[in-house]
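> Sequence and predicted model, in that order:
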Amino acid sequence: MIELKKLSTDDGHDIYDMLQTMPKNENGLINNVNGMTYDEYKEWLLKKQQESEQTGLVDGWKVPSATYWLYVDAVPVGFGNVRSFLTDALKKAGGNIGYGIAPLYRGKGYGSELLHLLLQKAHEAGVDKALLTIHADNLPSLAAAMANGGVITEKTDERIWVWIDTCQ
Ligand SMILES: CC(C)(COP(=O)(O)OP(=O)(O)OC[C@H]1O[C@@H](n2cnc3c(N)ncnc32)[C@H](O)[C@@H]1OP(=O)(O)O)[C@@H](O)C(=O)NCCC(=O)NCCS
């Protein structure tokens, strides 16, 4: 069974252990929990939950961002963030959705499925079209975006901008 679970301050060792297996920064996807102690992770969960509850910009640049875990047969295999609106900076890099699958579980279709489920969450958050900014050499991420109905609107040597209709 594949399901998304929203980040909660009750999250425990299964999520913590998964995040230790994912890089701190991979293709722009930031994983601050890699290298944290378990206590630091529990504090981080609280901060992330607050970020998902804010309604406007915080500190002039932070948009509301909700984090979800992807579980396959009750095992966490990846995560994603949904930002419910974009600043000019996020339109250049970051977009509405960032996501990743733990290295052990890649190449099994979970990345495409995670993106599909995150697009539904973006729709629920009021996003009709979601932007993904993809590193030009990130072929798996580009393939997952195109498999989910992505439309490329801009391309440079560094980055590809893909919009996806969230009404799927
Ligand atoms: C991008 C990522 C989430 C894909 O996860 P995954 O579970 O391996 O993806 P899937 O198995 O669903 O494959 C997705 C697509 O990529 C293709 N793909 C997988 N590995 C590939 C590779 N090494 N080269 C080219 N294409 C590849 C698959 O064939 C599939 O395409 P299809 O839908 O047309 O068949 C994963 O590689 C990852 O976590 N990367 C690090 C973080 C990241 O780059 N996130 C995205 C930017 S925020």
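Now that the structure is in, tell me what you want to look at.
> Where does the one residue in the chain that gets nearest to the ligand sit: helix, strand or coil?
In the chain, the residue that lies nearest the ligand is Gly111 (2.2 Å; Cβ to the nearest ligand atom). For glycine as for every other residue, the C-beta is placed from the backbone atoms N, C-alpha and C. Assigned by DSSP: H, G, I helix; E, B strand; the rest coil, the conformation of Gly111 is helix.
> need the helices for the chain, in chain order.
13-20, 38-53, 88-92, 110-124, 139-147 (DSSP state H).
> Identify whichever of these lies nearest to Leu4.
With Cβ to Cβ, the closest approach to Leu4 among the helices of the chain belongs to helix 110-124: 4.8 Å.
> if we can go back for a sec, out of the helices of the chain, which comes closest to Gly78?
Using Cβ to Cβ, the nearest of the helices of the chain to Gly78 is helix 110-124, at 5.4 Å.
> highest average neighbour count across the helices of the chain?
helix 110-124 (a mean of 20; mean count of other Cβ atoms under 10 Å).
> Mind giving me the packing neighbours of that helix?
strand 2-6, strand 65-72, strand 75-83, strand 97-101, helix 139-147 (3 or more Cβ pairs under 8 Å, 6 or more residues apart in numbering; DSSP states H and E).
> Next, the angle from it to strand 75-83.
40 degrees (axes from the mean of the first three to the mean of the last three Cα atoms, to 10 degrees).
> Now do the same for Leu57: its pLDDT.
Leu57 carries a pLDDT score of 85 in this model.
> Thanks a lot, see you next time.
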